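# sequence first, then the predicted structure, then my questions.
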Amino acid sequence: MSCAAKKEIANASERTFLGLDLSTQTLKACILNENLKLLKEVHVNFDSELPEFRTTGGAIIDKADNRNVTVPTIMWVKALDMLMDKLMLEGVDFAKIAAVSGSAQQHGTVYWQKGAEETLKNLSSSDFLHQQLNSSFSVTSSPIWMDSSTTKQCKQLEEAVGGPEKLAEITGSRAYERFSGSQIAKIFQTKPEAYKNTERISLISSFLCSIFLGKIAPIDISDGSGMNLLDIHTKKWNQTLLDTCGPNLAEKLGEPVPSYSDVGPISKYFKERYNFNSNCRVIAHTGDNPASLIGMRLYEGWIAVSLGTSDTAFLWLKEPKMVLDGHVLCNPLDENAYMALLCFKNGSLTRERIKNKCANGSWDIFDQLLNSTPRGNFGNMGLYYDIQEILPFLQGDYRFTKTQATCKFTSLEVEVRALIEGQFIAKRAYAEEFGVQVGQGTKILATGGASQNKGILQVLADVFNSPVYVFKDANSAMVGAGYQAKHGLVKSSMTYEDMISNLPQPELACEPYHDANEIYTPMVERYRSIVEDLIKK
Ligand code: XUL
């Protein structure tokens, strides 16, 4: 391509956008065209394609203490090398990419060694990234969102500002073990030398962004709200909280920016190695849940339910709301708005365990079992937490008949329904704390692996007494990052609503049965009192 042509990617009908998602189990990328149509998609699976790192489900769970969950940071860099090669093999013309943005699993932290920014600026385009960034991390294993080892540091953060309510008021959440503030404090307390040698600290999203930018990228305010450090009202770090975690933290984190910020041109490395255009811009990267909100094109009145490794539920909020269970994050599209987020750690892996136990490992049999039991499951209820759950903070299996706790249900079909109903009843109970009134015009937008299962979606419709629509596009966080790439580029001339106005609408999958409210409202009440009792024990 000639130099003149290279300068002209702005030729709108031709230009494309690159969106990435660095999730727990895979790194994915897509190319979207000017109309946001998906042209190409590639992915790298950590367990199967990077076996040398010995991850399970993309993570390393400490055998001695399973609350410690980390990932060798360099694995993600190597995955990016592989992903770029896959895009090249797919014939992607990198010179047409007008902007890049990305999303990543939230809360995890990356510790850049002193001198790392210099390395990033001077990467040689003839070598892989992982060969050159191998010694750029002062803490070589990044704690990720599945970690729950920081209860002590959580207490310190809450005490520093006057209790959990106060912390939730300032940062949108009381202290949570997986949030980055307590994780950074733990690194400072347990590895003081490594902390001292840390030049900058990134979230996983801003770490990915830094690689494209060729210098340390700022943290965006939406993913930054998952740290227990950001004042979600002023969008600035709270100094008392920073001081509680470790010295000089403001310098290590840098100033947070709005999520759609254009943070600079693509780095020399990508221009030289892959022939990216000099005009290609890097837009701030954000967390996977904020990116999903963008990708699912969520409006007010909708609740998104994402059924993946972790199950999440989120909604658009006009104003922040102080809740003790759940999170308020700054909105990735509108600096004056917010989003509510609920995260449940035991999602698809727990569904798979019960499928293997009760349905011979078959989703078809699982579905038959689910459909052969009545709504309300004869009054039986089950709560299943294979790993330490976030909401509520419990671990283990709990089963209840209509009247009492039990160790075993009478049949496999009762167990299957108890699991699915229990998972959705929990989502409704916590969503109601944000003021959601089910059945009052609320619509559910389902996405993620399990959203392809009609039987599961029917339970979701019934528990929420609301119609369920499905978001059929590829991974919503990845396409959301692609939309953000374009939004960040065109925001001064086009609103986000106009930008997405021609995209297809979600499809109706299920409507609730007429008796849904009668059956599930009392079950939500019962769930609340069961959880209250279990937590007290
Ligand atoms: C959200 C959360 C998870 C991760 C991984 O608070 O911890 O959803 O973002 O996807």
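Cool, the structure landed. Numbers count the residues shown, from 1 in each chain.
# now Phe344. Nearest residue, chain neighbours left out?
Asp311 (4.4 Å; C-beta to C-beta, 6 or more residues apart in numbering). The C-beta positions use only the backbone N, C-alpha and C, and glycine is treated the same way.
# what of Lys491?
Tyr260 is the one closest to Lys491 (C-beta to C-beta, 6+ apart), at 5.9 Å.
# hang on, the one you found in a helix?
No. Per DSSP: H, G, I helix; E, B strand; the rest coil, Tyr260 lies outside any helix segment and is coil.
# who's in contact with it?
Shown in contact with Tyr260 (C-beta atoms under 8 Å, 6 or more residues apart in numbering): Ile283, Ala284, Pro332, Leu333, Gln484, His487, Gly488, Lys491.
# repeat that with 7 Å
Neighbouring residues of Tyr260 by C-beta atoms under 7 Å, 6 or more residues apart in numbering: Ile283, Ala284, Leu333, Gln484, His487, Gly488, Lys491.
# quick one: residues contacting the residue nearest to Phe344.
So Asp311 contacts Phe344, Gly347, Gln423 (C-beta under 7 Å, 6+ apart).
# give me the neighbour count for Leu508.
Residues near Leu508, counting by other C-beta atoms under 10 Å, number 12.
# hmm, it is touching Pro467, no?
Yes. At 6.1 Å, Leu508 counts as touching Pro467 under the criterion of C-beta atoms under 7 Å.
# got the residues of the stretch 101-250 of the chain near the ligand?
Selection of the stretch 101-250 of the chain residues close to the ligand by C-beta under 6 Å from any ligand atom yields Gln105, Gln106, His107, Trp145, Arg178, Gly226.
# rerun that using 5 Å as the cut-off
Contacts of the stretch 101-250 of the chain with the ligand, taken as C-beta under 5 Å from any ligand atom, map to Gln105, Gln106, Trp145.
# wait, the second one sits on Asp288?
Think Gln106. Yes. Look at Gln106 against Asp288 with C-beta under 7 Å: they come within range, at 6.3 Å.
# what's the neighbour count on the residue of the stretch 251-400 of the chain found nearest the ligand?
In the stretch 251-400 of the chain, no residue comes nearer to the ligand than Cys343, which is 3.7 Å away by C-beta to the nearest ligand atom. When neighbours are defined as other C-beta under 10 Å, Cys343 has 24 of them.
# re the thing from before, ok, and the most crowded of the residues of the stretch 101-250 of the chain next to the ligand?
Neighbour counts for those peak at Gln106, which has 30 neighbours (criterion: other C-beta under 10 Å).
# any idea how far it lies from Cys343?
8 Å (C-beta to C-beta, to the nearest Å).
# now swap in Arg281 and tell me
From Arg281 to Cys343 the distance is 31 Å (C-beta to C-beta).
# same check on Lys28?
In terms of C-beta to C-beta, Lys28 sits 20 Å off from Cys343.
# do the same with Val328
13 Å.
# end to end, how far does stretch 272-279 reach?
End-to-end span of stretch 272-279 (C-alpha to C-alpha, to the nearest Å): 13 Å.
# for Leu333, list the residues it contacts.
Leu333 sits next to Tyr260, Ile294, Tyr496 when contact means C-beta under 7 Å, 6+ apart.
# the closest residue in space to Gln132 that isn't next to it in sequence in helix, strand or coil?
Nearest residue to Gln132, sequence neighbours excluded (C-beta to C-beta, 6+ apart): Leu123, at 5.4 Å. The local conformation at Leu123, judged by three-state DSSP, is coil.
# wait, Leu123 sits on Ser136?
No. Using C-beta under 7 Å, Leu123 makes no contact with Ser136, being 10.3 Å away.
# got the buried residues for stretch 232-241?
Ile232, Lys235, Trp237, Asn238, Leu241 (16 or more other C-beta atoms under 10 Å).
# so the last one is in which element?
In other words, Leu241. Secondary structure assignment for Leu241, by DSSP states H and E: helix 239-245.
# then that helix to CSV, C-alphas only?
C-alpha atoms of helix 239-245 as CSV (Å, rounded to 0.1, in the frame of the first residue of the first chain):
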residue,chain,number,x,y,z
GLN,A,239,-6.3,9.6,48.8
THR,A,240,-7.2,8.0,52.2
LEU,A,241,-7.8,4.7,50.4
LEU,A,242,-4.6,4.9,48.4
ASP,A,243,-2.6,5.6,51.5
THR,A,244,-4.2,2.5,53.2
CYS,A,245,-2.9,0.3,50.4
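# skip ahead from it and say which helix or strand is next.
Next helix or strand after helix 239-245 toward the C-terminus (DSSP H and E): helix 249-253.
# just among the contacts of Tyr260, which is most surrounded?
Neighbour tally across those (other C-beta under 10 Å): the maximum, 32 neighbours, falls on Gln484.
# and it, what's its pLDDT?
For Gln484, the pLDDT comes out at 98.
# do you know how far it is from the ligand?
Computed as C-beta to the nearest ligand atom, to the nearest Å, the Gln484 to the ligand distance reads 16 Å.
# list the beta-bridge partners for the residue nearest to that residue when sequence neighbours are not counted.
The shortest distance from Gln484 to any non-neighbouring residue, by C-beta to C-beta, 6+ apart, is to Ser101 (4.3 Å). Counting by DSSP bridges, Ser101 is bridged to Gly19.
# for Ser101, what are its contacts?
Gly19, Ile283, His285, Ala481, Gln484, Ala485, Gly488.
# quick one, phi/psi of the third one?
For His285, the backbone dihedrals are phi -100, psi 160 (criterion: degrees, to the nearest 10).
# next, the spatially closest residue to Lys486 that is not a sequence neighbour: secondary structure please.
Leaving aside its chain neighbours, Lys486 sits nearest to Phe17 (5.0 Å; criterion: C-beta to C-beta, 6+ apart). Following three-state DSSP, we place Phe17 in the strand state.
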